[in-house]
Structure formats: structure tokens, C-alpha cells
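**Student:** below is the structure, and that's it, no one-letter string:
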């Protein structure tokens, strides 16, 4: 005879199960009472919530426009040979800083020197012919005065003298052209800058028609940055230039959009908008003294178009978003919080500009919102890592993050 399974379970374990259920309920009730006495839980249950506080302050807020751009050399020059010839010497190093006028390379100058010598010899020959023709003209004029010559011979000789004078002018031009060609055999740096990789080695024959050239020189101090902004910002840029009376400040940031590489000024706004992208190109100039900007580098750009003076600001962490809009928790007289709707304008450099809803000097919650409800009692603690909260006083106590990191005892996964 087999006893039914349910009866065996009730007979064998019933007392234990019932005892466990009553004991578990009693323990749970005791835990809740203990937690209530200790003040744990949400702020609406009477507990004091640790928070980081900040203040509502007045400060000048810069207004920036953001864009992306590419660094370019202030001047980029490809040094090419202007005459054909044999490259005898290269007198620069790759990646070297050169000055304007510095000799970079020399071509074989002997053929061009020979042409110059020929032009100089031709001039001496024509000078001798002119001197002889001038003396013959004087003789003919003397004979004409003594009634021994004719006016026709005088005119013919005078024409010959003038012809030789013109020939001498042509000789001088030929000499100058030969000197220019000879000077082209010495390649000099047209601007100060940094040389790139050499594109022709010593010993090669270079030609004036070569497209590659010998080397590219890029001027890096100063350096230029070309970037784009949406066409809707053109009015703000123009207004900023008109109001400031001086070039607008431009910041070049790294790929992380945080690291400041260099600070420069706006130099050019392009004269037309790109209709295909709806953007306008702008150019800024940087001194680049620390060489943090390099030609071809992609950077993020911030253009300061105005400064809003005396604006009410709070740390951006204080601003929360809800179904009805943006709000902050404001600390009242007895360290209780009030949830207050606010109007927020721009957010710049970790600050939020408050258009309405707050007054200077009020305290707001910067961190610890997750445990707050209207009317909750709070106490100020230090931010994670210590220090001071933005716009607030140095706080005391422990960080709410540390308390949050320790789960209540007895809670398992």
C-alpha cells in the first residue's frame, strides 16, 4: 500500500514548511523595521539622502559654434627646376627647416655660363662697330660742312650709327636673359618652411616640364586651418565680427573633441555657400609655436562668436529632463529639496545657461538625483575623488557613489 505523495509530503514536512514560512515573515518584518530605524531607502521615507551640491552663479559665458576642418600649410610650394640640366648637388635634408632664399640644389651651370659669355662677346663686338660708325659719321659731317660731301652720305651714316645702338640694346637684353638662365641653375627656397621627402635624387637630369618637382616646402609657422560651418550660422559669424571689431577666436581640438591643440583667429569667410552641402568655408590662422598642428591633420573646431555677460549658470549635471521638460532639484532652507522646472539655453564648457526658474545664490543638486523626490531631506557630500562641486562650496562627508556601490546585506543574485 502506497501513501499518496501529497499526504506523505504534508505528514513529513508540513511542520517544517509552516515553521519556515512564519519565521521568514517575522525576519522580513524585523529587517524592514531595522531599515526604517536606520533611515535607509528613498527620501520620501524620512531618510537623509547624500548629494553633491552646486550653486547658481553669474558668469560670462562664451558662445561657440562647432565645426570640422583640415589643417593646411600657410604656404605650400613645390620647388621645380626652371631650366633643363644635370642635378649636381642637393644641399638640403629631408624634413629640414629652411629659410627663404636658402640654396636647396644646384644644376650643371656650364652650358648657361657659355651662353652668357657669348652674349658678352657679341656686345663687345657691336660696341666696336658702333664706335667706328660714330667716327665715320663725324667725318661725313665735317666734309658736308666744307662743301666736300653730300647730305645723303651723312644721313646714311647716321642711320648706321642708330642701327648699331639698337643692336647694343639687344645685346644687353640677351646678356640679362643669359644671366637669368644661369641663375635658374641654383634652386632656392621661395618661402621659409619645412621640406618634405625629396622627389629627385642627385645625379638625375631634371627638366622644367617635370610635374613632380624636386621637393615640397610647407610653411608651418604660422599655419592655416580650413573648416566648414552650416550656412545657418553665417549671420552669427558676421554679427560677431562686426561687434568685436577684432578677429574672432578659434580653437582647434583633437579627435576626442576635448584636447586643445592650439588657439588662433579667424582670417577669411568664403564668398559663397556650397549649395550641395549647405555649408560655408572659413579659414583660421594659428601661430603653431608648439607644432601641434600638422598639414593634413583632421581637427574639431570651435569658433567663438560672442560672450554672454553676467549669465546665470549651473553645472550641466544639475539639469535633468522629464516628461514636462528640464528641471533641477533646489535645496531649500531646512535642507529639503524642491523639484523646479527651469528654462535652459546653451550648454558650454560644463555650464548650462538658465533662462528662467532660478536666482543667483541658490543651491542645486549636482549628483545623487536617483534617490530624490520633492521634499526629501539631503546632506552635502564631496564629489567622487574629492574637490569642489562647480559653483558650490566644498562638501563634507562621503560620496553617494560609494554608498551606492555597496548592496544591502543578504541580497543575492
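**Tutor:** That came through fine. Fair warning: this is a prediction, and the values are worked out from it, not measured in the lab. Numbers count the residues shown, from 1 in each chain.
**Student:** tell me where the stretch 101-250 of the chain has strands.
**Tutor:** With DSSP state E, counting those that start in this stretch as the criterion, the stretch 101-250 of the chain has strands at 103-107, 186-188, 193-195, 205-206, 215-230, 249-253.
**Student:** name the nearest residue to residue 346, sequence neighbours excluded.
**Tutor:** In this structure, residue 346 finds its nearest non-sequential neighbour in residue 353, 5.1 Å apart by C-beta to C-beta, 6 or more residues apart in numbering. Bear in mind the C-beta positions are built from the backbone N, C-alpha and C, glycine included.
**Student:** that's a strand at the one you found, yeah?
**Tutor:** Yes - if the criterion is DSSP: H, G, I helix; E, B strand; the rest coil, then residue 353 is within a strand.
**Student:** what are the buried residues along the lengthiest strand in the chain?
**Tutor:** Of all segments of type strand in the chain, defined using DSSP state E, the longest is strand 57-79. The neighbour-count criterion (16 or more other C-beta atoms under 10 Å) identifies 57, 61, 63-65, 67, 69, 71-77, 79 as the buried residues of strand 57-79.
**Student:** which of the residues you listed sits closest to residue 290?
**Tutor:** Minimum separation from residue 290 among the buried residues of strand 57-79 (C-beta to C-beta) is found for residue 71, which lies at 13.5 Å.
**Student:** beta-bridge partners for that closest one, please?
**Tutor:** Going by DSSP bridges, residue 71 is paired in beta bridges with residue 225.
**Student:** report the separation between residue 89 and residue 324.
**Tutor:** The span separating residue 89 from residue 324 equals 78 Å under the rule C-beta to C-beta, to the nearest Å.
**Student:** ok, now how distant is residue 202 from residue 53?
**Tutor:** Residue 202 sits 71 Å away from residue 53 when distances are taken as C-beta to C-beta.
**Student:** can you pull out the helices in this structure?
**Tutor:** 5-38, 110-145, 151-183, 234-244, 400-405 (DSSP state H).
**Student:** hey, least reliable of those by pLDDT?
**Tutor:** The stretch with the lowest mean pLDDT among the helices of the chain is helix 400-405, which comes in at a mean of 39.
**Student:** for the closest residue in space to residue 80 that isn't next to it in sequence, what are its contacts?
**Tutor:** The shortest distance from residue 80 to any residue that is not its chain neighbour, by C-beta to C-beta, 6+ apart, is 4.1 Å, and that residue is residue 213. Contacts for residue 213 were tallied using C-beta atoms under 8 Å, 6 or more residues apart in numbering; they are 78, 79, 80, 81, 199, 200.
**Student:** is it true that residue 198 touches residue 94?
**Tutor:** Yes - taking contact to mean C-beta atoms under 8 Å, the distance of 5.4 Å between residue 198 and residue 94 places them in contact.
**Student:** neighbour-wise, which of those two wins?
**Tutor:** Neighbour count, other C-beta atoms under 10 Å: between residue 198 and residue 94, residue 198 has more, with 17 against 11.
**Student:** any idea how far residue 139 is from that one?
**Tutor:** On the measure of C-beta to C-beta, residue 198 and residue 139 end up 65 Å apart.
**Student:** go on, residue 333?
**Tutor:** As judged by C-beta to C-beta, residue 333 and residue 139 stand 124 Å apart.
**Student:** with residue 115 instead?
**Tutor:** Taking C-beta to C-beta as the criterion, residue 115 is separated from residue 139 by 37 Å.
**Student:** more neighbours, these two?
**Tutor:** Each of residue 115 and residue 139 had its neighbours counted (other C-beta under 10 Å), and the higher figure belongs to residue 115 (17 against 13).
**Student:** please name the nearest non-neighbouring residue to that one.
**Tutor:** Take residue 115 and drop its neighbours on the chain: the residue closest to it by C-beta to C-beta, 6+ apart is residue 178, 4.7 Å away.
**Student:** residue 202 and residue 53: which has the busier surroundings?
**Tutor:** Taking neighbours as other C-beta under 10 Å, residue 202 and residue 53 compare with residue 53 leading, 25 against 13.
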